[in-house]
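K.L.:
here you go, sequence then predicted model.
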Amino acid sequence: MGRTEKKQPNRRSSAREATTVCPPSLPPHAIQSKEALFATPGRHRRFSSSPASTTSPLLLRTHHHPNLQILPASLPCPPPPPNPSPTHTHPTHGALLPRRRDRGRRGSRCLSAGHPYLLLLFIPPRPSSSASPRPPALPSPRPPRRGPARAPLPAPEGLLAAAIEHLEREPASAADGAAPLAALSPRELQLVLVYFAQEGRDAYCALEVFDWLRRANRVDGETMELMAAIACGWIERLVGAGGDVADVAALLGEMDCVGLRPGFSLVEKAVALYWDRGERDQAVEFVRDVLRRGGLGVGAGGEFASDGERGGPVGYLAWKMMMDGDYRGAVKLVIEFKENGLKLEVYSYLIGLTALVKEQKEFSKALRKLNSSVKDGSISKLDAESMHSIEKYQSELLSDGVLLSNWAVQEGSSDVLGLVHERLLSLYTCAGCGLEAEHQLWEMKLLGREPDTQLYDVVLAICASQGEAAAVRRLLAGVESTSAQRRKTTMSWLLRGYVKGGFYLDASETLMQMLDMGIFPDYLDRAAVLTSLRRNIQESGSLESYMKLCKRLSEADLIGPCIVYLYVRKFKLWMMHML
């Protein structure tokens with residue numbers, strides 16, 4: 001019988017339960033007594049006294065105990081029963097195996113594979129009173145390699161599975177913190193969100209988990225992006241399935257309650273889905289349902305931004321309609337929602353004003369084309385009823401602009417006023433309302449929002465075409481102090497305004513005033529004024545203004561010698577005069 005080395009008992013832990021597996025390379029005759037073999041990774045000694053150890057060297061350390069049970073290798077361990085109890089009995093040997101739900105990876109492999117010896121120690125060692133020979137002391141084992149400190153990690157899949165099972169049994173436990181979520185890592189928490197976000201799972205459980213994460217201050221950027229993507233998937237499924245708009249609004253309300261705040265608006269996402277599918281009536285009804293619920297602050301864009309680029313659901317829906325060319329429909333949508341007592345964001349009023357400006361531009365363009373067709377005889381002159389319809393539509397556009405601007409001024413901040421006056425200025429300019437446009441110019445200046453110089457010129461031309469002499473004088477104040485190029489541009493706009501309005505004598509005086517200021521008008525402007533004065537000669541028979549202008553232009557070397565023809569019908573006489 002070979003001599004077996006014995007290990008001194010550990011003083012710090014006198015009692016220990018252990019499940020030890022001997023490697024398959026150990027033959028049956030290598031153990032001659034009831035000895036406990038503990039295979040500890042990294043800390044082993046060679047079994048040198050046995051002959052078998054020379055053929056199959058093993059790194060072992062031994063511990064003698066009188067109550068050691070050795071299971072032979074011919075009977076491998078069967079798989080665990082389907083519903084194990086906290087402790088179950090081995091079907092062959094009657095050994096009591098402890099049930100460990102979260103067994104580590106190494107223990108799982110040892111118990112699932114068949115090994116020659118499965119050694120189970122049940123009775124802790126007792127200190128012996130008899131003078132038994134002390135085993136020789138073993139040399140101290142080689143210290144392990146130094147490395148980064150590693151805490152023993154439990155099986156992640158076990159904690160994750162336990163948390164998911166708990167949430168499936170008690171979905172409301174995430175709200176009160178009873179679910180085992182605190183022990184999970186951020187990656188595992190994201191897996192929990194993805195698990196419950198799958199189709200057929202309890203989606204509201206994912207919302208409860210996210211709410212717990214938010215209250216525990218464990219929502220990072222990646223988790224927020226993940227939850228936003230999950231929410232978009234839910235909305236797409238509801239909209240694509242043709243569900244009720246109330247269900248979509250209710251889901252968004254739940255997301256708002258749990259504090260889901262992505263970098264975009266989920267309400268706008270739902271509106272875009274309805275609109276892109278061609279379900280415009282559904283989109284309008286969805287926005288109306290959201291407003292009836294008091295509005296949802298899901299995501300950014302629920303309030304007005306000074307740059308006018310963000311808004312709420314009504315503004316976004318009106319913007320979608322405006323982009324599709326339905327300008328009048330966008331204006332009516334905003335006014336209808338407001339008159340029904342719903343609370344709108346200020347951005348929606350600005351979108352309505354922008355749509356009004358675009359509608360006014362299209363209307364003015366159609367009117368110019370219509371007047372041109374009437375003038376060249378392509379169509380007959382419009383009757384009184386048609387003219388009344390045109391004037392009525394024009395007045396409706398202007399009244400809607402005043403209505404929207406008043407709401408925006410009442411509900412908006414000081415930053416909104418400049419944007420409101422700017423849109424009103426564009427509206428009145430396109431409509432050809434000179435005095436109203438001039439008023440908006442001064443309002444913008446009072447707010448410190450200096451209008452563009454081209455706007456001054458356009459308003460000046462409109463006032464000149466309407467014969468508003470006082471407004472022209474106000475707008476021309478200080479033009480002498482500007483640069484020469486700026487003065488030329490302003491006076492050219494004034495000249496064209498007079499020509500368009502039929503004020504030919506005023507246009508002639510403006511042209512001579514430009515010459516006095518040392519400004520040489522463009523050729524087209526000179527030709528337009530001379531042509532207008534020739535028509536005036538045929539109507540009034542007066543040559544004075546025409547000859548006076550030709551003389552000034554000739555002195556400035558802007559025209560060559562010209563001949564004036566005059567026909568006296570009474571005497572059937574032609575008269576010629578060279579200038």
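P.N.:
Ah, there it is.

K.L.:
pretty sure residue 367 is touching residue 390, no?
P.N.:
Yes - counting by Cβ atoms under 8 Å, residue 390 is a contact partner of residue 367 at 7.0 Å. All C-beta spots, glycine's among them, are computed from the backbone N, C-alpha and C.

K.L.:
list residues touching both of these two?
P.N.:
In terms of Cβ atoms under 8 Å, 6 or more residues apart in numbering, residue 367 and residue 390 are not both contacted by any residue.

K.L.:
outline the domain layout of this structure.
P.N.:
Here the chain is described, according to automatic domain parsing, as comprising the domains 18-80+97-121, 452-579.

K.L.:
and the ones you listed, which one is worst for confidence?
P.N.:
If these are sorted by mean pLDDT, domain 18-80+97-121 sits at the bottom with a mean of 39.

K.L.:
number of nearby residues for residue 161?
P.N.:
By the other Cβ atoms under 10 Å criterion, the neighbourhood of residue 161 contains 13 residues.

K.L.:
do you know how far it is from residue 188?
P.N.:
Computed as Cβ to Cβ, to the nearest Å, the residue 161 to residue 188 distance reads 10 Å.

K.L.:
repeat that for residue 268.
P.N.:
Between residue 268 and residue 188 the distance, using Cβ to Cβ, works out to 32 Å.

K.L.:
tell me which of these two has more neighbours.
P.N.:
residue 268 (24 against 16).

K.L.:
that one belongs to a helix?
P.N.:
Yes - per DSSP: H, G, I helix; E, B strand; the rest coil, residue 268 lies within a helix segment.

K.L.:
check what pLDDT it gets.
P.N.:
87.

K.L.:
spatially nearest residue to it (excluding sequence neighbours)?
P.N.:
What sits nearest to residue 268 in space, not counting adjacent residues and going by Cβ to Cβ, 6 or more residues apart in numbering, is residue 316, at 4.6 Å.

K.L.:
give the contact list for that neighbour.
P.N.:
When the contact criterion is Cβ under 8 Å, 6+ apart, the partners of residue 316 are 265, 267-268, 271-272, 301.

K.L.:
would TSV of those residues with distance to residue 541 be doable?
P.N.:
Converted to TSV, these look like this (distance: Cβ to Cβ, whole Å):
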residue	distance to residue 541
265	70
267	71
268	68
271	67
272	67
301	67
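
K.L.:
and those residues, which two are furthest apart?
P.N.:
Pairwise distances across the contacts of residue 316 (Cβ to Cβ) peak at 12.2 Å, for the pair 272 and 301.

K.L.:
those two: which is more packed in?
P.N.:
Set side by side, residue 272 and residue 301 give different neighbour counts by other Cβ under 10 Å, the larger being at residue 301 (23 against 16).

K.L.:
which outside residues touch the one helix or strand residue 530 maps to?
P.N.:
Using DSSP states H and E, residue 530 sits in helix 523-540. Applying Cβ under 8 Å, 6+ apart, the set of residues contacting helix 523-540 from outside is 492, 495-496, 499, 504-505, 507-508, 511, 542-543, 545-546, 549-550, 553, 558-559.

K.L.:
how about that helix: buried residues?
P.N.:
Of all the residues in helix 523-540, those buried under the rule 16 or more other Cβ atoms under 10 Å are 525-526, 528-530, 532-533, 536-537.
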